[in-house]
Structures are given as C-alpha cells and as structure tokens.
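Novice: this one's sequence-less:
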C-alpha cells in the first residue's frame, strides 16, 4: 500500500511537470491564458457596471442566478463565478481527455506497467491533472484579485475570502469531469476521440433522460448522474452553503473512478 501511494504521488508530480514543460501542455495553457485574458479585460473588468445593470435585468426575468450576483462583496468575483462554472468544465473535458489514450495506442502504457501498477497509473494521472487544474484556477483567481484590489484596495480581505471559496467549489465541480475523462480515455485511441465519445455519451444520455422524464416524472432523478447537474443551483450561491450541492459531484467522481479502476485492470494494454 505504501509503495502504491508513493507511485501515485510520483506519477501525479510527473504529470504536473509534463504539463508545464512539454509543448502540448504549454500550448493548452497558452490557449486558455489567451481566452482568460480576453474575458478579464472585456467582461470581469466591467463587473461593477454589469452587476448594476444585471440586477434590474434579473428582477425583470426573475433570475435567481443574476440576482445573486449583487450579493457578492466583490463584483469581479461574482462575474468570475458565473463564467468559471461553465468555462472550466468545458476546458476540463479537453484538457483531461488524454490521460491514457495516446500512451495506450503507442504501447508506452504497457511499458509503464513494468515499473508500477495499473492502479498507480490510473490514480496518478487523475490526481496529477487535478493538481494542474487547481493551479490554473488559482492563477485565474489571482489575476481577478489583482484587478479587484487595483480598483478598490480595501477589497483585498474580501477578495481573498472569495478566492478561497471559488477555488474550493470549482475543484468540486471539475472533479467528476476529470474522472469521467479518465474512464473514457481508457477506451479511446486519442484525446480528441475521448472528447468525441464524451460529447456523444452526454447527448445520448440527456435525450434519454428527457424522453423518460416526459413519460415517467420520477426518471428526472437520473439527471443527477450527469456531471454538472448541480451547476444551475450552484450559480445562485455566494456563501459556504454551496457545499450542500457537493454530494452529487462527489458520488459521480467516486462512480467514474471505480468504473475506471475496474476497466484498467480488465483491458488489454
């Protein structure tokens, strides 16, 4: 057990380094950085004005998500919260798609099993990508914190509190997406194929759930199996009460990781 944990930690750290120094990893990070800088300059920088206008809009259409933005102590983080809840899961599907697919296709995954267990590889890659994404979220939050404190230095303390709140909640949100891609990557031949598989599965499952719900109302509970099913509710939160929605993503993550662990021990590498 101790050796397995050491191997998992080693693989996770290796995954972190690989993302930060390899060409493919740097391209992904650069693409995200450019998108984020654009959002920062065009949208988040104008947060106070957007929230002021959005409050009237939210009252008109009775949108709880929009109305909740006015309750954030730091407007920049309110806008960040809404954007990040939808942006980071989409980024995660692409960024975490190739956890084992390419290595399996090239045969290098089989070589890795000569030095460590399949369990270590599976969990090491998953944890490594969660570490990378936690750093990306932290950097995005830091840029927003700097922007908010430049506008109003007295908001530093509130910005730090908001940053920690958003960071924890976003990690909970992206965990099932990362776990799902860890599972799909085991049957895909490339990262792009894994993304395609995820999109197809998501569409088919959503169509099936809505069709069943129209005939059997209790079938609407199946929506809880879809990663991100809690996001619309989560968007209305601005306090630690948001952790009440954490059960669904936690169970989803556990289910996907369990299925992936079983599958990696059964497939031919």
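Specialist: Noted; the coordinates are in hand. Bear in mind the structure is a predicted one, so any value in this text is a computation, not a measurement.
Novice: what's the burial count for residue 204?
Specialist: Residue crowding around residue 204 was assessed by other C-beta atoms under 10 Å; the count is 10. For glycine as for every other residue, the C-beta is placed from the backbone atoms N, C-alpha and C.
Novice: ok, it to residue 198 distance?
Specialist: Distance of residue 204 to residue 198, computed by C-beta to C-beta, to the nearest Å: 11 Å.
Novice: One more: residue 34?
Specialist: With the distance defined as C-beta to C-beta, residue 34 ends up 24 Å from residue 198.
Novice: Same drill for these two, tell me which one is more crowded.
Specialist: Here residue 34 and residue 198 are compared on neighbour count by other C-beta under 10 Å; more neighbours surround residue 198, at 22 against 10.
Novice: Following the chain onward from the host helix or strand of the more buried one, which element is next?
Specialist: Counting by DSSP states H and E, the element that carries residue 198 is helix 191-215. Later in the chain than helix 191-215, the nearest helix or strand by DSSP H and E is helix 231-234.
Novice: okay, how far is it across stretch 107-127, tip to tip?
Specialist: Across its full length, stretch 107-127 reaches 22 Å between end residues, using C-alpha to C-alpha, to the nearest Å.
Novice: In it, which residues are buried?
Specialist: 109, 112, 116-118, 120-127 (16 or more other C-beta atoms under 10 Å).
Novice: Tell me where the model's unsure across the protein.
Specialist: Applying pLDDT under 70 to the predicted model, the residue ranges of the chain that meet it are 1, 52-68, 219, 269.
Novice: Enumerate every residue touching the most centrally placed residue in it.
Specialist: Geometric centre of the chain, nearest residue: residue 174, 2.4 Å, by C-alpha atoms, centre = their mean. By C-beta atoms under 8 Å, 6 or more residues apart in numbering, the residues touching residue 174 are 88, 89, 92, 130, 133.
Novice: Strands of the chain, start to end?
Specialist: In the chain, no strands are found when defined by DSSP state E.
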